[in-house]
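> no sequence on this one, just coordinates:
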């Protein structure tokens, strides 16, 4: 039954094309970590993206099947898969939803941090050391420095063998850059160090990022149809030029195929020297596959809007299938071209790793001048808007449905007159404002990304196994689209492959970007995942007195007090134990480079 506008429920306003356009913000996610993955995978980076995307596409067929079983639910694959675990434990279902939410939600903060960097670089750039302004400053102030100036003495001590004249030039140049850097780049209202993790800063990056978040919130406040329409035009404006960037260098012969060989891991993180296929080498490759999953698997968000589809029986599969094909195109092509044109040295440049220089790199890759480069900078900001809108739309609906089904606090069920889950969106906003203050620090960016991905892999493991559990326990429930049984089996194996990535690779991101004494993102992510337990206990046992809300179990034909027969027996429990063993073994067996 369709909900009408103003009913206080989500509105059936989309066809599969609308859901496709909402999910079209996933391809730009390749730009969030393209430099980071090159830093740990080296010349294998493009292979990592291709393998990860193939895995994501295969896995989506399990999600497509189980999504079709729940035409009256929103919130995405985590919600549909969570119900499979209800018979076996009330606590596993909310874990799946929670992990999916805190995996997707940080796209808002990370994307706004990068977008803010673009705006700062465009309007208030830090002058280059060889710029005319810096050279003029040096010429005017060189006389202020002598061989006995303390900063010159310190420079010579740190760079043995440097002649005093050269040291004076180097120190004067550094001081010139500092003096000519706009004050807004170093402006900060408040900040403190978070022990062992990163820094918390209310600075210019935070303020600009917060404004961008509020703009996106306002757009989505009008409901899913308005969001889909905005996404459609943003996607066309952004993805067409991004596709050209992927294709033009290939046809023009700008790709240097020497940048793809030899296909071996690097000897360490963020180095260009080749390593070998030893244990540390495999650790680096698995860590790249771990972090790539956060981007390549993300198109499963296309099934977040089942409750808002006009014809969910038909539209659900089409939305995720065509979204997957779109992502295959971009995740295959863009990393290949980037690596082929820039090489590993270019991929490891700081502006590529932190995302702030990707727009300029895109313009240069197609041989554009300054105007073309500036256009690509603007397109990158729009691409980030696209990704952020996709994330807010999907993650807020996960919170909404989790509340409707009795796993998350009641207040999240509120929907405005346009059918937008505004309280869930506001919760996303507040959570990400906190993360933005951390992500605006360069050290915190990849730590936030790695911790959120721990949640994503946990969700992935639970949901891929939900495919076969639903087959066993709920085989009678109608499935508008049914995946081949061999594919359900293959995706179950891939669930364990992903858990292997988690155990082996998460710890690598402990030494990439964050503080030297930062905790292993694996343990930090597991801790954050465990926070759902007190949240669920409060909702279920305090607010709801141990009962699920009316309608929460209807799609499976279950009712309160009768969860149905546990036809899968002990297998779900053994699956969880096996998954934990794989994670712990992989974390022990695979070692970091020396």
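Great, that's in hand. This is a predicted model, so every value here is computed, not measured. Numbers count the residues shown, from 1 in each chain.
> where do the strands sit along this structure?
188-194, 198-203 (DSSP state E).
> what about the first one, average pLDDT?
Here strand 188-194 scores 78 as its mean pLDDT.
> can you say which of the strands of the chain is packed in most?
strand 198-203 (a mean of 20; mean count of other CB atoms under 10 Å). In short, each C-beta sits where N, CA and C put it, glycine included.
> what angle do it and strand 188-194 make?
170 degrees (axes from the mean of the first three to the mean of the last three CA atoms, to 10 degrees).
> for strand 198-203, packing partners?
In terms of contacts (3 or more CB pairs under 8 Å, 6 or more residues apart in numbering; DSSP states H and E), strand 198-203 is packed against strand 188-194, helix 422-439, helix 442-473.
> one more time with 10 Å, if that's ok
strand 188-194, helix 204-220, helix 422-439, helix 442-473 (3 or more CB pairs under 10 Å, 6 or more residues apart in numbering; DSSP states H and E).
> distance between the third one and the chain's centre?
Yep, that's helix 422-439 we're talking about. 15 Å (CA atoms, centre = their mean, to the nearest Å).
> same question, the last one
Here helix 442-473 shows a centroid-to-chain-centroid distance of 12 Å under the convention CA atoms, centre = their mean.
> pLDDT of that helix, averaged?
Across helix 442-473, pLDDT averages out at 88.
> how about stretch 494-512?
Mean predicted confidence for stretch 494-512 is 90.
> follow-up on the earlier one: deepest-packed of the helices and strands packed on strand 198-203, please.
Buried most deeply of the helices and strands packed on strand 198-203, by mean count of other CB under 10 Å, is helix 442-473, with a mean of 25.
> residues touching residue 335, list them.
30-31, 34, 37-38, 45-50, 52-53, 246, 292, 347 (CB atoms under 10 Å, 6 or more residues apart in numbering).
> also residue 314?
15-16, 68, 480-481.
> let's have these in a markdown table, adding distance to residue 565, neighbour count and pLDDT.
Shown next, in a markdown table, are those (distance: CB to CB, whole Å; neighbours: other CB atoms under 10 Å; pLDDT from 0 to 100):
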| residue | distance to residue 565 | neighbour count | pLDDT |
| --- | --- | --- | --- |
| 15 | 37 | 16 | 72 |
| 16 | 35 | 23 | 76 |
| 68 | 23 | 24 | 77 |
| 480 | 24 | 17 | 82 |
| 481 | 25 | 17 | 82 |
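> any idea which of those residues is closest to residue 539?
Proximity of those to residue 539 (CB to CB) peaks at residue 68, which lies at 27.6 Å.
> just the contacts of residue 335: which has the poorest pLDDT?
When these are compared by pLDDT, residue 31 scores lowest at 79.
> dump the residue contacts of that residue.
111, 114, 242, 295, 330, 334-335, 338, 352, 355, 358-359, 361-362, 380, 383-384, 387.
> report the buried members of the residues you listed.
Applying 16 or more other CB atoms under 10 Å to the contacts of residue 31, the neighbour count classes 111, 114, 242, 295, 330, 334-335, 338, 352, 355, 358-359, 361-362, 380, 383-384, 387 as buried.
> which ones among these are found in helices?
111, 114, 242, 295, 330, 334-335, 338, 352, 358-359, 361-362, 380, 383-384, 387 (DSSP state H).
> only the buried residues of stretch 279-295, if you could.
280-295.
> cool, stretch 480-489 as well?
Here stretch 480-489 shows 480-481, 483, 488 as buried, counting by 16+ other CB under 10 Å.
> got the end-to-end distance for it?
19 Å (CA to CA, to the nearest Å).
> of the helices and strands packed on strand 198-203, which is nearest residue 171?
Of these, nearest to residue 171 by CB to CB is helix 442-473, at 24.1 Å.
> now that closest one against helix 422-439, angle please.
Using the same axes, to 10 degrees: helix 442-473 against helix 422-439 is 140 degrees.
> on that earlier part again, out of the buried residues of stretch 480-489, the closest to residue 371 would be?
residue 481 (47.2 Å).
> show the contacting residues for that closest one.
Here residue 481 is in contact with 61, 64-65, 67-69, 313-314, 316-318, 320-321 (CB under 10 Å, 6+ apart).
> do you know the pLDDT at residue 268?
pLDDT, residue 268: 92.
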